[in-house]
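1. Return a 3D structure for these sequence lines:
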Amino acid sequence: MKSSFKVVGYFVIALMAMMPLSSAAQATSGPRLPWGDPDLQGVWDYRTVTPLQRPEDQADREFLTEEEAASIEQEILQRNALLLNRAPERTSTSNQVDRREDGTPGFYNNFWLDRGTTAVGSRRTSLIVDPSDGRLPELTSSAQMRADSSEAKRLAAVRRGAEPAQSWTDFDAGDRCIQHAKAGPPISVGGYNNNVQVFQVPGYVALLNEQNHDVRVIPLDGQPHVAAQISQWMGDSRGYWEGETLVVETVQFNGKHDQIGRPLLSTGENLSLIERFTRADADTLHYEFTVNDPSIWVRSWTVELPMKRNPDLIFEFACHEGNYSMEVMLAGSRMQERRN
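-> Numbering: from 1, shown residues only. Next comes the predicted model:
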């Protein structure tokens with residue numbers, strides 16, 4: 001398998017050879033690249049223990065105190081030390097490999113996980129900043145019906161191991177190692193691989209996410225989106241600059257994998273996404289995204305997630321490419337049926 005770094009490297013070299021640089025950089029308050037665009041390049045780490053939604057017991061609190069944030073960090077450090085040194089034990093099935101219902105690691109032990117230890121720098125109680133309650137908006141009536149349907153409940157049971165899969169279609173794109181919701185768009189926090197590398201050449205930005213080594217190439221030249229009948233796993237992205245901020249608009253998702261916060265059985269055809277990347281300082285990239293899908297939520301919602309510079313390179317990620325584990329997973333379901 002070719003290295004993701006080589007692929008992106010060839011992309012950068014080819015485009016640099018084809019496109020002349022601007023002779024003068026624009027006036028700016030931040031670092032600029034030779035052709036005048038703001039410099040967002042580098043590896044950016046977005047791990048955080050701040051939850052997507054504000055916990056219900058903190059409904060009226062937008063921010064933690066410094067003492068509360070420090071206490072949370074200390075508790076996580078102590079928990080990590082405990083899990084590292086405890087005796088081995090047999091795990092139980094859950095709805096994901098990273099976490100069981102009691103909060104302890106799932107099939108992976110804690111050594112492999114890296115959720116971070118701190119809240120976002122602002123000490124917010126949620127990554128969602130709009131609506132102001134820090135919670136996802138209500139589902140539309142039709143989306144709620146889909147979420148409550150017997151098929152949605154069956155698929156949820158399959159994905160936590162409680163029921164056998166009827167076919168490969170019962171497994172989501174992450175299980176099948178096709179595409180991972182954490183890689184986006186939008187980019188979201190998970191149990192590990194919370195890094196994205198930004199590459200820039202004149203007229204293009206490329207985002208290489210550590211999870212599933214997905215590369216998203218974003219044109220900045222004003223070209224229109226692809227034809228409406230063409231839908232894609234990661235949607236179709238187009239970008240432009242608003243001063244120091246890179247704005248990326250993405251539409252035409254195929255709905256074949258669960259974007260962040262979306263219920264099962266959604267189509268994706270009505271989903272639109274606006275992302276904003278702003279270099280806040282030498283070591284901080286401010287990331288914000290707004291999700292709008294009127295077929296699912298009664299209103300749009302927005303997340304703010306500051307990313308910190310990572311001085312190290314990201315790792316190449318491999319996830320049983322070719323679906324070699326699918327035969328084993330389905331064989332396990334047939335065995336489960338025989339036992340039932």
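
2. Now residue 306: which helix or strand?
-> Element membership for residue 306, per DSSP states H and E: strand 301-309.

3. swap in residue 289?
-> strand 284-292.

4. Parallel or antiparallel, which strands does that strand pair with?
-> Strand pairing for strand 284-292, using DSSP bridges, gives strand 272-281 (antiparallel), strand 301-309 (antiparallel).

5. Which positions in the lengthiest helix in the chain come out as buried?
-> Longest helix in the chain by number of residues, with DSSP state H as the criterion: helix 66-85. The neighbour-count check on helix 66-85 (16 or more other C-beta atoms under 10 Å) flags 69, 72, 80 as buried. The C-beta positions use only the backbone N, C-alpha and C, and glycine is treated the same way.

6. go on, stretch 189-206?
-> Result for stretch 189-206 [16+ other C-beta under 10 Å]: buried residues 189-206.

7. same question, stretch 315-325
-> Buried residues in stretch 315-325 (16+ other C-beta under 10 Å): residue 317.

8. Show the end-to-end separation of it, please.
-> Stretch 315-325 stretches 22 Å from its first residue to its last (C-alpha to C-alpha, to the nearest Å).

9. Report the mean confidence score over that stretch.
-> Averaged over stretch 315-325, pLDDT sits at 76.

10. Same question for stretch 60-72.
-> Mean predicted confidence for stretch 60-72 is 92.

11. Could you do stretch 291-302 as well?
-> 94.

12. distance between the ends of that stretch?
-> First residue to last in stretch 291-302 (C-alpha to C-alpha) measures 6 Å.

13. what ranges of the stretch 151-300 of the chain fall below the confidence cut-off?
-> 259-267 (pLDDT under 70).

14. circling back to that earlier point, could you list the buried residues of the strand holding residue 289?
-> 285, 286, 287, 288, 289, 290, 291.

15. For residue 146, what is the enclosing helix or strand?
-> helix 141-148.

16. After that helix, which helix or strand is next? Please name it.
-> helix 150-159.

17. CA atoms only: put that following helix into PDB for me.
-> Coordinates of each C-alpha in helix 150-159 appear next as PDB, following Å, rounded to 0.1, in the frame of the first residue of the first chain:
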ATOM      1  CA  SER A 150     -37.900  -1.200  14.100                       C
ATOM      2  CA  GLU A 151     -35.200  -1.200  11.400                       C
ATOM      3  CA  ALA A 152     -33.200   1.500  13.100                       C
ATOM      4  CA  LYS A 153     -33.400  -0.400  16.400                       C
ATOM      5  CA  ARG A 154     -32.400  -3.600  14.700                       C
ATOM      6  CA  LEU A 155     -29.300  -1.900  13.100                       C
ATOM      7  CA  ALA A 156     -28.400  -0.400  16.500                       C
ATOM      8  CA  ALA A 157     -28.600  -3.800  18.100                       C
ATOM      9  CA  VAL A 158     -26.400  -5.300  15.300                       C
ATOM     10  CA  ARG A 159     -23.700  -2.600  15.800                       C
END
